[in-house]
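J.: from the sequence below, what's the structure:
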Amino acid sequence: MLSRPLLRFVRDDRRINFMRGRHMGLIVSAVLSIASVILFFQPGLKLGLDFRGGIIVEAQTPGAADFGKLRSALEKAGIHPDAVQAFGSPRDVRISINAPEGADREAQTQKLVDGVKTAISAAEPGTQVLRADAVGASVSSELFRDGLLALGFSLAMILAYIWIRFEREFAISAVVTLILDLTKTVGFLAITRFEFDLVMVAALLTILGYSTNDKVVVYDRIRENLRKYRTMPLRELLDLSINETLNRTLGTSMTVFLAALPLALFGGSTLTGFATVMLFGIVVGTSSSIFIAAPLLLLMGEKRLRKGSSTPEAE
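T.: Predicted structure coming up:
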């Protein structure tokens, strides 16, 4: 005999009428996505080294970093940094420099990196250089294009998968919901000013995969109930299906959220942005599976998926 789980987010006998707020959910989602698209263009994303080209040097000073002193030392050495900022602890410094132009860029880049190391070591003796990366302008544009192609290809494959596994209405509503999730995450990136680089492309693809899995679970239950309750109105059936999968949805989301939370808090400069965006994507993906995907399915499939009477009937 199986024991009951120690933690349940919702009682098994509780029935929440999610479809009652479907119009408000769709309107709020659309407004947020439109605002995110506007933020994408103005002020735009803060492109990382991978996509804008340039040099990133990360260093650790013996004590709390004096950023004014470091910037002055770089300026005296003839190096004009785009940004000198903190990351992680007060001892950690990140220096960003635009990519050099002209001929022999590789030699100029190496000269800049060496100059940065010399200048900050002279300004703060005992400083350790943790990382020095450089990406050329032509390579960065190719990486940006490939990143966008990866996102587009992912959406196309998800559409094909759900179209094959489910009916057309399921596929269209799922992809529309995923696009709304994606635009909100892009808006979050624009607001928080996390650098948009290949790591963030990986975060977006991970969010798409997680959100797709979440919606497939709900859609599977909807399809089962469509066969089980042949005359139940679609609105009631969607509410029933969401309630039946709610504990599983919330439990899975909480598990992934708690796994990503330490990375967001203690992951350092490389992982903090990735994990924070993941946390946002988990919240958005979970809420959209409940409040967006099902209402869209009701909007597009009410006439085709359910034509019966209003009396529920179980086989």
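J.: next, the buried residues of the host helix or strand of S211.
T.: Here S211, judged by DSSP states H and E, is contained in helix 198-228. Going by neighbour count (16 or more other CB atoms under 10 Å), the buried part of helix 198-228 is 198-201, 203-204, 206-208, 210-212, 214-219, 221-223, 225-226. Backbone N, C-alpha and C define where each C-beta goes, glycine included.
J.: give me every residue that touches A293.
T.: By CB atoms under 8 Å, 6 or more residues apart in numbering, A293 lies in contact with 173-174, 177, 215, 218-219.
J.: closest one of those residues to K303?
T.: Closest approach to K303 among these (CB to CB): S173, at 14.2 Å.
J.: which ones are touching the residue nearest to the closest one when sequence neighbours are not counted?
T.: Nearest residue to S173 in three dimensions, chain neighbours excluded: L296, at 3.7 Å (CB to CB, 6 or more residues apart in numbering). Residues in contact with L296 (CB under 8 Å, 6+ apart) are 26, 172-173, 176-177.
J.: want to throw those residues into CSV with distance to Q85, secondary structure and neighbour count?
T.: Below are the contacts of L296 laid out as CSV (distance: CB to CB, whole Å; DSSP: H, G, I helix; E, B strand; the rest coil; neighbours: other CB atoms under 10 Å):
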residue, distance to Q85, secondary structure, neighbour count
L26, 40, helix, 16
I172, 44, helix, 17
S173, 42, helix, 24
V176, 38, helix, 16
T177, 36, helix, 25
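J.: where do the strands sit along the stretch 1-150 of the chain?
T.: 46-47, 54-60, 83-86, 92-97, 128-135 (DSSP state E, counting those that start in this stretch).
J.: state the mean pLDDT of the longest one.
T.: Mean pLDDT, strand 128-135: 80.
J.: show me the contact partners of it.
T.: Under CB under 8 Å, 6+ apart, the answer for strand 128-135 is 49-50, 53-60, 92, 99, 109, 113, 116-117, 120, 143.
J.: list the buried residues in that strand.
T.: In terms of neighbour count (16+ other CB under 10 Å), strand 128-135 has its buried residues at 129, 132, 134-135.
J.: check the second one too.
T.: For strand 54-60, the buried set under the neighbour-count rule, 16+ other CB under 10 Å, comprises 54-60.
J.: which one of those is nearest F87?
T.: Distances from F87 to the buried residues of strand 54-60, taken by CB to CB, are shortest for E58, at 7.3 Å.
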